[in-house]
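Novice: build me a structure from this.
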Amino acid sequence: MLSLIGYVSMLVILALLLWQKVSPIVALAGVPIVAALIAGNSPSKVSEFALAGITSVASVVVMFIFAIVFFGILRHVGFFDPVIDRIIRLGGSSPKAVAVATTLLASVAHLDGAGATTFLITIPAMLPIYQRLGMSRLTLTACVGLGAGAMNMLPWGGPTARAAATVGVEANEVWTPLIPAQIVGVIAALGVAWFLGSREAKRIAKGKPSEFAEPVHAHDANQTTRSSGADTGARTTSVMVDTGAHGTAVDGTDSTAATDDSPEKDHRNIPLWVNGLILLATLVVLMWGIVSPAIAFLVATILALIINFRGLENQSRQFDISAKSAMLMASTLLAAGVLLGVLDESGMIESMADSAVQVLPAGIMPILPIVVAVLGVPMSLFFGPDAYYFGVLPVLSAVGSNYGIDPVLLAQASIIGQETLGFPISPLTGSFYLLVGLANVPIGKHILGLIGWAWLVSIIVLIAAIVIGVIPLWVA
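Specialist: Model prediction:
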């Protein structure tokens, strides 16, 4: 009976998250509380379950809040601007170089882990170049998606934070062993971008038209006008999409888009290398595990505030700028903590795992991490980040535990593709609509044009993870 209540609860949660009819908090926290009461637990017991779950995700929530504020500060003071400008100049007039520069720019822009920010920076910057050269806008969205997707494994990105919260560990414990594989993924994404650029160069040289590319000669006389118009249209689209999308995390929102354009300078003229040292020190601390990621980003935020801004008003404004994004993710993670606490403390997840073991073929269990990693990108079409990491992964972890599979291993297998390389093709994240809206490409064409390449890069990342010993070929 307990197992049935658990599975029905998870199906209801998945349905609510997939249909996007209610806030993720309602689905993630409300449904398990009702389920626990139906199972015969007293309100006081359910309260204990929920608090235990909230406690388990508290450090991840703190990390995410201060990571968002920290990278928001760096973006606000223009730390990334010189790098972005150089990457844009790197593109030049060669389609191959432009495609590679696009993916590189998306990778750098995605250092803050926010998809919306990445697309707001990359698409308006590169779209006029694609128009001038007559390159396809589908190539633009593919290159941007690959760069952002490969970088979305960062511990302050949504998928890794969710995975860590679900299996009850620090985010860097999931991410750090995968750093070499992620680097391979970025290189693979740049390689695919080079190929896509070469394909575009051949098409343009042969004079073949493309439905999503403008004729090259159309920009000879009025390049400036079109570039300005493209930027204006991009900003208009971003406002419309950001307001209407029902994304469930930072991926779908960006509260800094309008604020960063403020003409009034409110920060000190601090050399870029000073902020660079803070960022470098933070990354070193994260990779070496010297302190908790939550404390690392807390200290980094304090230093960035003191160094870059004078007085209470200017420092407080940085929290106002990031409040919407931080609040959305923090509340979602806390609600997920309620779900995990109820499932675990009530014995529901154990009962669900026991029943699943009787149904699933035992032969698949030794390769379960491989299966999870391989299916990550296509599964992103059906499961949003909340639905998968808070609905599917807990069950997979419980089932795997019965066969001696470490839940952290399944978390690592998941972030190889699920809503990382898969998030730029996922209609279940708000930033997806920002990507296709800014570039003005059809959703279906974009998905078909990117899914194969994203899947290929995820397989390459998986192979790298197997080679370095993070993901085993066979779990004994």
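
Novice: any idea how far P472 lies from M126?
Specialist: Computed as C-beta to C-beta, to the nearest Å, the P472 to M126 distance reads 40 Å. All C-beta spots, glycine's among them, are computed from the backbone N, C-alpha and C.

Novice: meant to ask about V461
Specialist: From V461 over to M126 the distance is 24 Å, taken as C-beta to C-beta.

Novice: so which of those two has more stuff around it?
Specialist: Set side by side, V461 and M126 show more neighbours around V461, with 30 against 26, by other C-beta atoms under 10 Å.

Novice: check contacts around that one.
Specialist: 150, 181-182, 184-185, 188, 416-417, 421 (C-beta atoms under 8 Å, 6 or more residues apart in numbering).

Novice: can you do 7 Å?
Specialist: V461 makes contact with 181-182, 184-185, 416 under the criterion C-beta atoms under 7 Å, 6 or more residues apart in numbering.

Novice: just give the closest residue to it, not the sequence neighbours.
Specialist: Using C-beta to C-beta, 6 or more residues apart in numbering and skipping residues adjacent in sequence, the residue nearest V461 is G185, 4.1 Å away.

Novice: so what secondary structure elements neighbour the helix or strand where that neighbour lies?
Specialist: Under the criterion of DSSP states H and E, G185 resides in helix 179-206. In terms of contacts (3 or more C-beta pairs under 7 Å, 6 or more residues apart in numbering; DSSP states H and E), helix 179-206 is packed against helix 95-109, helix 137-151, helix 443-467.

Novice: who are the packing partners of whatever helix or strand comes next after the second one?
Specialist: Scanning forward in sequence from helix 137-151, with DSSP H and E defining helices and strands, the next element found is helix 158-167. Secondary-structure packing of helix 158-167 (3+ C-beta pairs under 7 Å, 6+ apart): helix 43-76, helix 171-175, helix 311-345, helix 385-387, helix 393-401, helix 407-415.

Novice: one more pass at 6 Å, please.
Specialist: Helices and strands in packing contact with helix 158-167 are listed as helix 43-76, helix 171-175, helix 385-387, helix 393-401, helix 407-415; criterion 3 or more C-beta pairs under 6 Å, 6 or more residues apart in numbering; DSSP states H and E.

Novice: out of the helices and strands packed on helix 179-206, deepest packed?
Specialist: A comparison of these by mean neighbour count, using mean count of other C-beta atoms under 10 Å, puts helix 137-151 on top with a mean of 29.

Novice: helices and strands around that one, which ones?
Specialist: Packing partners of helix 137-151 (3+ C-beta pairs under 6 Å, 6+ apart): helix 95-109, helix 115-133, helix 179-206, helix 430-439, helix 443-467.

Novice: pretty sure P24 contacts T332?
Specialist: Yes: P24 sits in contact with T332 when judged by C-beta atoms under 6 Å, with a separation of 5.1 Å.

Novice: what residues are up against S107?
Specialist: S107 sits next to 147, 151, 186 when contact means C-beta atoms under 6 Å, 6 or more residues apart in numbering.

Novice: what sits closest to it if chain neighbours are left out?
Specialist: Nearest residue to S107 in three dimensions, chain neighbours excluded: G147, at 4.2 Å (C-beta to C-beta, 6+ apart).

Novice: kindly compare burial across the helices and strands packed on helix 158-167 and name the winner.
Specialist: helix 385-387 (a mean of 29).

Novice: distance between that helix and the chain's centre?
Specialist: In this view, helix 385-387 has its centroid 11 Å away from the chain centroid, taken as C-alpha atoms, centre = their mean, to the nearest Å.
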